[in-house]
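Undergrad: Need the 3D shape of this:
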Amino acid sequence: METFVWQGKINPVIEMMNGQYLRLQYADYNPGETTPSSAFVNHQPAAAKETMENITKTFFRCIKWQVEETTDPVNCPYHYFCASSYQGGDYPPAIDILVLLFTATLYLVTLVFTVQEIVWKSTSTNSSTTAAAGEGGDRHRAIRYNSGGSGSRRSRRYWIPSGPIALPFILLSLAKGYRINTLSPLAECIGPALFQLLQISALAFPNDDDDDYNMEGNFNKWKYDLKYILFELSTVSGILHASLFLDYIILPYYTGYDALMSSTSFSGECASCVCRTEVLEVGGKLVSYRGWSISMFSVVGVLCLRTISRLLMLFLSHYDDEVHKATVSAMVKILQVVIKPALETMSWMLISKDTIYLMKNSPESDGSAPLRLAAYGCACFLIFLHVLTKLQSRRIVRVRGAIIIT
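TA: Purely as a prediction, here's the structure:
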């Protein structure tokens with residue numbers, strides 16, 4: 001990725017875009033006062049408005065900012081200009097609409113499965129108690145009740161955002177996100193919200209089906225183990241790639257946003273030439289959110305721990321040395337009871353923090369506030385529902401001396 005800020009004394013050959021016209025139009029405009037579209041553009045003729053909109057798009061699409069030697073170290077200590085931008089034009093509005101509908105569909109699917117999980121958890125408590133404690137009841141029947149419909153869970157993992165069907169389309173949307181700018185820039189709102197939805201899905205819906213796993217023979221356990229590991233590793237790879245693709249579109253966007261809002265003035269030397277009192281950093285200082293972050297690594301860590309636990313369980317089921325089995329069994333208990341729940345809790349807290357931060361601090365263009373609030377508000381609602389699901393899962397029922405966590 002070419003997004004960086006290079007400092008040094010250079011004498012670039014700049015293609016002048018009618019320098020006198022730029023000075024007349026933009027020399028008195030302070031980029032940091034407010035958004036150009038609302039304060040400056042609306043008071044200019046149509047030609048000037050269109051020119052300013054093009055300049056704003058240049059700022060947001062710039063992947064390489066360079067600083068040149070300034071002739072006014074007092075008023076313009078740092079003079080930056082855009083040296084390179086994304087190649088290729090924007091996709092037609094139909095693509096923006098398709099991505100928006102795709103994101104909304106993923107949210108609805110996740111919402112339905114989350115509500116379904118809450119219903120299963122709330123109804124399975126009494127069902128499992130009756131099945132296990134009643135006349136002729138047995139533990140396997142209680143497990144079957146608690147599964148809430150194992151067939152539904154098997155099909156669910158294919159349709160969630162982190163599943164094998166939706167995940168490739170998420171990666172494709174983020175990989176081409178720099179060209180999805182016609183109606184609303186993907187980097188502004190939809191891209192981060194889509195990545196948040198992917199992380200929420202990966203945490204909330206594990207790919208395993210322990211109920212069917214416990215009911216099958218050794219051969220089918222091997223099959224379930226391999227399928228589970230394949231699903232988890234593909235999800236980990238998808239999240240890592242999605243975070244890189246997201247940074248590829250939001251870092252230039254946030255850098256251009258900082259250059260537009262925090263610069264003291266346009267110098268008039270070129271369309272993107274601005275004067276600044278401080279160094280322009282990669283990603284800027286106004287929005288600190290990143291896809292490649294501790295939140296992403298914590299989610300990946302949870303998925304890796306799930307995979308390691310399954311591998312250790314596979315080892316236990318096919319190893320005869322009792323001494324080593326006891327050691328591995330203790331390791332599995334520590335992973336599943338202490339480390340994994342703690343890391344999951346931290347992941348949910350970090351995702352919640354990121355979502356609230358984006359809701360308050362995301363760059364905002366004209367008319368984008370409702371979309372931003374809707375996108376991140378929906379993510380917060382999903383997190384809240386997952387908390388309810390976790391509260392349901394903490395209910396413990398004692399049946400004939402055994403403890404069943406439903």
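Undergrad: What segments of the stretch 301-406 of the chain are strands?
TA: Along the stretch 301-406 of the chain, the segments classed as strands by DSSP state E, counting those that start in this stretch run 396-399, 402-405.
Undergrad: quick one: low-confidence ranges for the chain?
TA: 1-50, 124-154, 208-221, 317-324, 365-367, 392-406 (pLDDT under 70).
Undergrad: ok, longest helix in it?
TA: Criterion DSSP state H: the longest helix present in the chain is helix 218-262.
Undergrad: Give the full set of residues in contact with the residue nearest the centre of the chain.
TA: The centroid of the chain falls nearest to Phe195 when counting by CA atoms, centre = their mean (2.2 Å). Residues near Phe195 by CB atoms under 8 Å, 6 or more residues apart in numbering: 174, 242-243, 246, 291. C-beta here means a position set from N, CA and C on the backbone, and glycine is covered the same way.
Undergrad: hmm, try it at 10 Å
TA: 161, 170, 174, 239, 242-243, 245-247, 250, 289, 291, 295-296, 354, 379 (CB atoms under 10 Å, 6 or more residues apart in numbering).
Undergrad: For the helix or strand hosting it, list the C-alpha coordinates in PDB.
TA: Taking DSSP states H and E as the criterion, Phe195 maps to helix 190-204. Backbone C-alpha positions of helix 190-204 (Å, rounded to 0.1, in the frame of the first residue of the first chain) are rendered in PDB as follows:
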ATOM      1  CA  ILE A 190     -20.200   1.400   5.400                       C
ATOM      2  CA  GLY A 191     -16.700   0.000   5.200                       C
ATOM      3  CA  PRO A 192     -15.900   0.100   8.900                       C
ATOM      4  CA  ALA A 193     -19.500  -0.900   9.800                       C
ATOM      5  CA  LEU A 194     -19.200  -4.000   7.500                       C
ATOM      6  CA  PHE A 195     -15.900  -4.900   9.200                       C
ATOM      7  CA  GLN A 196     -17.500  -4.500  12.600                       C
ATOM      8  CA  LEU A 197     -20.300  -6.800  11.500                       C
ATOM      9  CA  LEU A 198     -17.800  -9.400  10.400                       C
ATOM     10  CA  GLN A 199     -16.100  -9.400  13.800                       C
ATOM     11  CA  ILE A 200     -19.400  -9.600  15.700                       C
ATOM     12  CA  SER A 201     -20.400 -12.500  13.600                       C
ATOM     13  CA  ALA A 202     -17.200 -14.400  14.100                       C
ATOM     14  CA  LEU A 203     -17.400 -13.900  17.900                       C
ATOM     15  CA  ALA A 204     -21.100 -14.600  18.400                       C
END
